[in-house]
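Novice: Let me see the structure of the following:
(2 chains)
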Amino acid sequence: MNPSRIPAILAIAAKDLRLLSRSRSTLFFALGWPVLMALFFGYVFGGGGEKGRIPVAVVDEDGTPESARLLARLSGTAGLEISPATREEATALVRKGKRSAAVIVPAGYGEAADRVFHGEPRRLVLEVDPARAAEGAMLEGILTGAAMQGMQELVTDPERGRAMIGRSLADLESAPPSEGRDSTQRLLGELRAWLDRPAPSGGEDAARPAWKPLEIERREVRREKAGPRSAFDFTFPQGILWGVIGSALGFSLSLVTERTRGTLLRLETAPLSRLDVLAGKALACFAAILAVEALLLSLGVAAFGIRPASWILLAAAAVALAACFVGIMMAVAVIARTEQAAGGLGWAILMPLAMIGGGMIPLFVMPSWMQAASHVSPVKWGILALEGATWRGFTAAEMAPALGVLLGVGLLGMAFGIRRFRGLEG
Amino acid sequence: MLVLRDLSKRFGDRVAVDGLSLDVGPGEVVGLLGPNGAGKTTTIHMAVGLLAPDRGEVRIGDRGSPRRPEARRLLGVAPQALALYDALTPAENLAFFGRVQGLSGPALSRRVDWALDFAALSDRRRDRTGDLSGGMKRRLNLAAALVHDPEVVLLDEPTVGVDPQSRNAILERVAALRAAGRAVVYTTHYMDEAARVCDRVAIVDHGTVLASGTVAELVAAHGGEPTLVVVREGVERRLATPDPAAALARILADGRVDDFRVERADLEAVFLSLTGRRLRDP
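Specialist: Numbering: from 1, shown residues only, chains lettered A, B, ... in the order given. Take a look at the predicted model:
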């Protein structure tokens, strides 16, 4: 290329970017639509920080300090979103799907809590949608844990423990003699003796360590390659691909418009070659795509928790993706003869590629045969490259296939576009 | 400045231009007059290097073929279509076309100001081009061809679709280009425009120049003699004569007449005489 033509090529690129900035429809498809896609699917797939919280309605029909303590423990449980209700309201909320379950604390719960070793056990009612069996099982575990915590407090709080044992022994005295009554009386007597044993200096709490039925030591061991931190980790790459597609199609359309409006004729009568005109447009398209990528990634990082694993690889992915779609833009632009054809052809080619490439639904929720078919779509490789540089934490070697495919498709498209565009010359 | 020698161009079986030759010198406006499909636009496209002729030669001044960049710098083309960007302002359009022609800095600013003034659009320089009237856009289309001050200007149907006032304004500007020493090729199918603005006219049909010369030469050669029309006692009498005044004097010697007029041939008559059909078929 003749260096003296570079100012003219830059002028064409600047003009195209100016035209892009004044086209509301292209701006919408390059920026507005991708953000909508990223946010919509992000929230659909559980983004936004509410992940894992089970909404539960609670009904306290007992009204005792013990029932209040149970509900307080549930409120403090991570993963539960508690809201109080009456029994009728709670059942209706579950039936309408507004709550996953309802926990009802019936009258007599607090009294039964004092009779740990005899009589009827404490009873809770758990109403749960059968379709949410997993959440129901999880709630049963949480409730059992909360009840065990109550027992633990009885045993480790001497005052409450002695009071409970006293009431229980009085109940047993009035009960008819039986082998079970005698053995329970002995057990309670031993327990009271354990509570009554003298405490060494330093107070009772220091002498008597808290009793726990089970102690679980929790250690965090992250997977070598972390999964997405939130749904936005995979919906933002999808959104970026839509922005890239919107930008590329906008430029395809503009090149066709240059031909139909006659401005291309005017440019060709200037001291420029067709290749110079195409170079200016490709440069503008490349810059526009990079700007779209940068804006959307900035939004994702600033507001939606996206954390690039490698800025260098992310830059490489962004450049390769831009090059790929510049090539696709050039190929579409030289095939179509009218603006309508360019728009129709562009979407007809890119929409299916976006769908099977994971542009709408993430690849990992697709059946395996569809995931295999996605290899033909540059959209898939674009998303993979962006994810590889963010939450997938790819190494450079792991990124290479995706980058190679993107650059290859881009070069093929450019070669086809240049060849055909030259062929259009008289 | 512009020399077209024996140009021919075929598109498949159709002959678009067949052996067309034309010379245009500085300060001269040469019209290509012919109906739609006569080959005028194909000729223009070959003249500016957009199309390669199958046969013949195009030379721009001393710089040779228009396919060479240094020759193209001498060319200014106003296509028939409004080749402008609607989303840009007139000033931005002109600045852009000036830049791709190699202008920059203060020289570019001066030429943009000149072109806006030439198009009488200085007060609309910051409006969107898409918001201008049809006549304004036509003037801007012309100004965009002139922003880099070319030596050779090719105007392809520059008054299509404009009102009489805007057409008049455009014709005045073409005359100004002639006065400034530019070589102008002006294609049109409007006879009155060709007669008014062109120093010479080439009548084109089926890609061939049927005749060329000044309007007077063409009329004299192909338009036939003037016709003296005399009305006497309610009866109209038509007399073709090379000297209508002498013929009228002879008729008056025989007695008074109620009315008389002289009908002179025009380019329409020339075209009819050359092709056997009218320039603009109904």
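
Novice: who's in contact with A:V105?
Specialist: Taking Cβ atoms under 8 Å, 6 or more residues apart in numbering or on different chains, we find A:V105 in contact with A:58-62, A:67, A:70-71, A:124. (Glycine included, C-beta is placed from N, CA and C.)

Novice: mind checking pLDDT for it?
Specialist: pLDDT recorded at A:V105 is 90.

Novice: Apart from its neighbours in sequence, what residue is nearest it?
Specialist: Once flanking residues are discounted, A:V105 sits nearest to A:S67: 4.5 Å by Cβ to Cβ, 6 or more residues apart in numbering or on different chains.

Novice: any idea how far chain B is from that neighbour?
Specialist: Distance of A:S67 to chain B, computed by Cβ to the nearest Cβ, to the nearest Å: 70 Å.

Novice: what's the spacing between that residue and B:L74?
Specialist: 97 Å (Cβ to Cβ, to the nearest Å).

Novice: Other residues contacting the one helix or strand A:L27 maps to?
Specialist: According to DSSP states H and E, A:L27 maps onto helix A:24-27. The contact list for helix A:24-27 (Cβ under 8 Å, 6+ apart) reads A:20-21, A:246-247, A:250, A:253.

Novice: Next, give me the two most distant ones among these.
Specialist: Within these, two members stand farthest from each other by Cβ to Cβ: A:S21 and A:L253, at 15.3 Å.

Novice: And these two? Which one has more around it.
Specialist: A:L253 (24 against 12; other Cβ atoms under 10 Å in any protein chain shown).

Novice: what pLDDT, on average, does the strand or helix carrying the more buried one get?
Specialist: Taking DSSP H and E as the criterion, A:L253 maps to helix A:232-261. If you average the pLDDT over helix A:232-261, you get 90.

Novice: so does that helix get close to chain B?
Specialist: Yes: applying Cβ under 8 Å from any Cβ of the partner chain, one finds helix A:232-261 touching chain B at A:R261.

Novice: what helices or strands is whichever helix or strand comes after that helix leaning on?
Specialist: Using DSSP H and E, the helix or strand that directly follows helix A:232-261 along the chain is helix A:263-268. Applying 3 or more Cβ pairs under 8 Å, 6 or more residues apart in numbering or on different chains; DSSP states H and E, one finds that helix A:263-268 contacts helix A:232-261, helix A:274-303.

Novice: in the first one, what's buried?
Specialist: Under the neighbour-count criterion of 16 or more other Cβ atoms under 10 Å in any protein chain shown, helix A:232-261 has A:232-259, A:261 buried.

Novice: For it, name the packing helices and strands.
Specialist: Applying 3+ Cβ pairs under 8 Å, 6+ apart, we find helix A:232-261 packed against helix A:6-21, helix A:24-27, helix A:33-44, helix A:263-268, helix A:274-303, helix A:311-335, helix A:339-356, helix A:378-389.

Novice: Would you mark the buried spots in the fifth one?
Specialist: Within helix A:274-303, the residues scored as buried using 16+ other Cβ under 10 Å are A:274-293, A:295-297, A:299-300.

Novice: State the mean pLDDT of it.
Specialist: What helix A:274-303 shows for mean pLDDT is 92.

Novice: What angle do helix A:378-389 and that helix make with each other?
Specialist: 50 degrees (axes from the mean of the first three to the mean of the last three Cα atoms, to 10 degrees).

Novice: Show me where the chain dips below the pLDDT cut-off.
Specialist: Using chain A here. A:1, A:46-52, A:114-119, A:154-155, A:199-226, A:424-426 (pLDDT under 70).

Novice: wrong one, chain B
Specialist: Counting by pLDDT under 70, chain B has low-confidence residues at B:279-282.

Novice: please redo it, this time with the cut-off set to 80
Specialist: For chain B, the stretches with pLDDT under 80 are B:276-282.

Novice: Kindly report the residues of it close to chain A.
Specialist: With the criterion set to Cβ under 8 Å from any Cβ, chain B comes near chain A through B:45, B:48-52, B:69-70, B:72-73, B:75, B:77, B:79-85, B:87-88, B:92, B:96-97, B:99-102, B:104, B:144-145.

Novice: ok so, going back, report the contact partners of the residue nearest to A:V105.
Specialist: Counting by Cβ under 8 Å, 6+ apart, A:S67 has contacts A:60, A:105, A:109-110.

Novice: tell me which element it falls in.
Specialist: A:S67 is part of helix A:65-75 when elements are defined by DSSP H and E.

Novice: If you drop the residues flanking it in sequence, what lies closest to A:I361?
Specialist: A:M355 (7.8 Å).

Novice: what's the residue closest to the geometric middle of the chain?
Specialist: Going with chain A. Centroid check for chain A by Cα atoms, centre = their mean gives A:A231 as the closest residue, at 1.7 Å.

Novice: other chain: chain B
Specialist: By Cα atoms, centre = their mean, the mean C-alpha position of chain B lies nearest to B:Y186, the distance being 2.3 Å.

Novice: For B:G255, which non-adjacent residue is closest in space?
Specialist: Closest residue to B:G255 apart from its sequence neighbours, by Cβ to Cβ, 6+ apart: B:R232 at 7.6 Å.

Novice: Look up phi and psi at that neighbour.
Specialist: Here is the backbone geometry of B:R232 (degrees, to the nearest 10): phi -130, psi 130.

Novice: didn't it look like it was pressed against B:V257?
Specialist: Yes: counting by Cβ atoms under 8 Å, B:R232 does reach B:V257; the two are 4.7 Å apart.

Novice: out of the contacts of A:S67, which one sits closest to chain B?
Specialist: For those, the residue nearest chain B by Cβ to the nearest Cβ is A:D60; the value is 65.8 Å.

Novice: what number of residues lie near the closest one?
Specialist: 19.

Novice: Just after the lengthiest helix in chain B, pick out the following helix or strand.
Specialist: Longest helix of chain B, by residue count under DSSP state H: helix B:164-179. Downstream of helix B:164-179, the next assigned helix or strand under DSSP H and E is strand B:183-188.

Novice: For that following strand, give me every contacting residue.
Specialist: By Cβ under 8 Å, 6+ apart, strand B:183-188 touches B:1-2, B:22, B:24-34, B:40-41, B:43-44, B:47, B:151-159, B:174, B:177-178, B:193-194, B:197-198.

Novice: circling back: burial of the residue nearest to A:I361, as a residue count?
Specialist: 16.

Novice: Any figure for the gap between it and A:W381?
Specialist: 15 Å.

Novice: Enumerate every residue touching A:R22.
Specialist: For A:R22, the contact set (Cβ under 8 Å, 6+ apart) comprises B:87-88.

Novice: Please consider this matter closed, and thank you.
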